[in-house]
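Enquirer: sequence first, predicted coordinates after that:
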Amino acid sequence: MSVGPVTPESTTAPSSDNTAVGLAPNTQENTRVDLLNFTWSELENLLQSWGQPKYRVKQLFRWIYEELETDFNNMTDLPKALRQKLCDEAAVGTLEVESVADSVDGTKKILYRLQDGLRIESVLIPEEKRNTLCVSSQVGCALGCRFCYTASLGPGRNLTVGEYIAQYLDTARMLPADRSITNVVFMGMGEPLVNFNNLMQTLELLTDERGLNLGRRRLTVSTAGLCPQILQMGTKFPVRLAISLHATTNEQRDDLMPINQRYPLETLFETLQEYRKLTPTYHMPITLEFTLIEGVNNSMADAQRLAKLAHSIEAKVNLIPYNEHPGAPYKRPSQTNIVKFRDELQRKKIRATCRTTRGDDIYAACGQLAIHGPEDEGVSTAEAPEPRVVPHHRKRRN
Ligand code: SAH
């Protein structure tokens, strides 16, 4: 299987140019500008082009990002004429919450309908001291990792900056007033580094001190390993980096993750060394994510090779027990085998944690996004193809 398109698709900034992301032709409704696409300076420019003083941006940012307000009529310190213009021509976010599923463990999965009718999901994982939001980056995914359910949706489209930010704000509104989203992980549907420009602008907005003001170290971008974009992110906007590794030899990884045929392990680890050099002051160790699949990548030899790779970049390892889904031929190892694997890493002095599977009763666990529970089997995305079983075949390296 060939690797899908991996070049970042640029969308003009602000990304209200719908054609750049393949939205449906504009209708009366979606010609409104989504203010969530705009950084501070872009919003300043927009307001100036409307003949407004620059300082209005401060008021708007406060309403949108501190008060979480969406109704311009309630923005009482804005002049009436401006409120009217905003009501007529703008919107704060364009996502529609279609459903919210609550897991027994407190995890929430939110299904959003986008303006063009496609659907995405976000997952909120509440913990004692933090609330982590897992956001989607694309509808579907072109990378074709063989074990991932999202991959079965096939290539989709990039989310706009506004669609990224709305996932945060819409979820924040669901929390009690004294709680907020403290961490964002880009581990939902799609590959964030394929949506590179919009990702960079989203990181800028999430960290803007005049708005949401999240620290960089509270943001984690997870990637299947797009090497040029990892370096670009290190230069432009370094945040925590998680690599979906899942295999310790090229032969294995070529099989599970076609992206490895383009960027094999040697290239990936050289890139990660480079990323660390680009980000020395942030003290953000790289995480290697490793989904444990019985009989595929969970032998003691795998653990030993993984330990070596992790040592080479002083990485932490996060083990994810494979979440089974209909149609996929893979199995989750037994708890005993999972613990054995983790112990071997720890014996080799690797910081290894095992991700507790959260939200699997609502199909919100890793790799289950786009599955919507037994009552409506299959994909929710109206336009998406039927889920297909991705054949597992071995690929020879040339
Ligand atoms: N495309 C990015 C972001 C997705 S993050 C990336 O690859 O990193 C989602 C994580 O869950 C990835 O590590 C992915 O490989 C993993 N995953 C996918 N399907 C899974 C499954 N069925 N069980 C466990 N983990 C899975």
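Expert: Cool, the structure landed.
Enquirer: show me how the record splits this structure into domains.
Expert: For the chain, automatic domain parsing gives the domain ranges 33-91, 95-377.
Enquirer: which of these comes out lowest on mean pLDDT?
Expert: Confidence, taken as mean pLDDT, is least for domain 95-377 of the domains of the chain (a mean of 92).
Enquirer: please identify the deepest-packed of the domains of the chain.
Expert: Highest mean neighbour count among the domains of the chain (mean count of other C-beta atoms under 10 Å): domain 95-377, with a mean of 19. Backbone N, C-alpha and C define where each C-beta goes, glycine included.
Enquirer: quick one: is it near the ligand?
Expert: Yes: counting by C-beta under 6 Å from any ligand atom, the ligand is contacted by domain 95-377 at 145, 147-148, 187, 191, 222-224, 244, 246, 289, 291, 320, 322-323, 325, 366-367.
Enquirer: from these, which land in strands?
Expert: Among those, the members found in strands (DSSP state E) are 222-223, 244, 289, 291, 320.
Enquirer: CSV for the residues you listed, including distance to I64?
Expert: What follows is those, written out as CSV (distance: C-beta to C-beta, whole Å):
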residue, distance to I64
S222, 27
T223, 29
S244, 33
E289, 33
T291, 37
I320, 35
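Enquirer: and which of the residues you listed is nearest to E128?
Expert: Proximity of those to E128 (C-beta to C-beta) peaks at I320, which lies at 21.3 Å.
Enquirer: hmm, the closest one is touching L288, no?
Expert: No: counting by C-beta atoms under 8 Å, I320 sits too far from L288 to count as a contact (10.8 Å).
Enquirer: and the helices in the stretch 1-150 of the chain?
Expert: Shown for the stretch 1-150 of the chain, the helices assigned by DSSP state H, counting those that start in this stretch span residues 40-49, 56-61, 80-89.
Enquirer: compare the ones you listed and give me the one nearest the ligand.
Expert: Nearest to the ligand, of all the helices of the stretch 1-150 of the chain, is helix 40-49, at 26.8 Å by C-beta to the nearest ligand atom.
Enquirer: and the angle from that closest one to helix 80-89?
Expert: 110 degrees (axes from the mean of the first three to the mean of the last three C-alpha atoms, to 10 degrees).
Enquirer: report all helices and strands that helix 40-49 contacts.
Expert: The elements that helix 40-49 packs onto, with contact taken as 3 or more C-beta pairs under 8 Å, 6 or more residues apart in numbering; DSSP states H and E, are helix 56-61.
Enquirer: try it again at 10 Å.
Expert: helix 56-61, helix 196-207 (3 or more C-beta pairs under 10 Å, 6 or more residues apart in numbering; DSSP states H and E).
Enquirer: how near is V339 to I293?
Expert: Applying C-beta to C-beta, to the nearest Å, the value for V339 to I293 is 16 Å.
Enquirer: ugh, wrong one, I meant C148
Expert: Distance of C148 to I293, computed by C-beta to C-beta: 11 Å.
Enquirer: Q201 too?
Expert: Plainly put, Q201 is 35 Å away from I293 if you go by C-beta to C-beta.
Enquirer: list the contacts of R332.
Expert: Counting by C-beta atoms under 10 Å, 6 or more residues apart in numbering, R332 touches 291-294, 298, 320-324, 338, 357.
Enquirer: just send these back as a markdown table, with distance to E98 too.
Expert: Shown next, in a markdown table, are the contacts of R332 (distance: C-beta to C-beta, whole Å):
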| residue | distance to E98 |
| --- | --- |
| T291 | 28 |
| L292 | 33 |
| I293 | 32 |
| E294 | 35 |
| N298 | 37 |
| I320 | 27 |
| P321 | 29 |
| Y322 | 28 |
| N323 | 23 |
| E324 | 25 |
| I338 | 34 |
| T357 | 24 |
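Enquirer: in the protein, which residue is most central in space?
Expert: Computing the C-alpha centroid of the chain and ranking residues by C-alpha atoms, centre = their mean puts F186 first, at 2.5 Å.
Enquirer: name the nearest residue to that residue, sequence neighbours excluded.
Expert: Take F186 and drop its neighbours on the chain: the residue closest to it by C-beta to C-beta, 6 or more residues apart in numbering is P192, 4.2 Å away.
Enquirer: contacts only, for that neighbour.
Expert: P192 makes contact with 8, 135-138, 158-159, 164, 185-186, 198-199, 202-203, 220-224, 226, 229, 233, according to C-beta under 10 Å, 6+ apart.
Enquirer: go again with 6 Å.
Expert: 137, 186, 199, 221 (C-beta atoms under 6 Å, 6 or more residues apart in numbering).
Enquirer: swap in V100?
Expert: 108, 110 are the contacts of V100 under C-beta under 6 Å, 6+ apart.
Enquirer: same question for the one 4 residues further on.
Expert: Listed by C-beta under 6 Å, 6+ apart, V104 has no contact partners.
Enquirer: recalculate using a threshold of 8 Å.
Expert: V104 makes contacts with D361, as judged by C-beta atoms under 8 Å, 6 or more residues apart in numbering.
Enquirer: so how far is Q252 from it?
Expert: V104 is 35 Å from Q252, by C-beta to C-beta.
Enquirer: before we move on, back to that, wait, the residue nearest to the centre of the chain sits on F196?
Expert: No: when contacts are counted by C-beta under 8 Å, F186 is not listed as touching F196 (11.6 Å).
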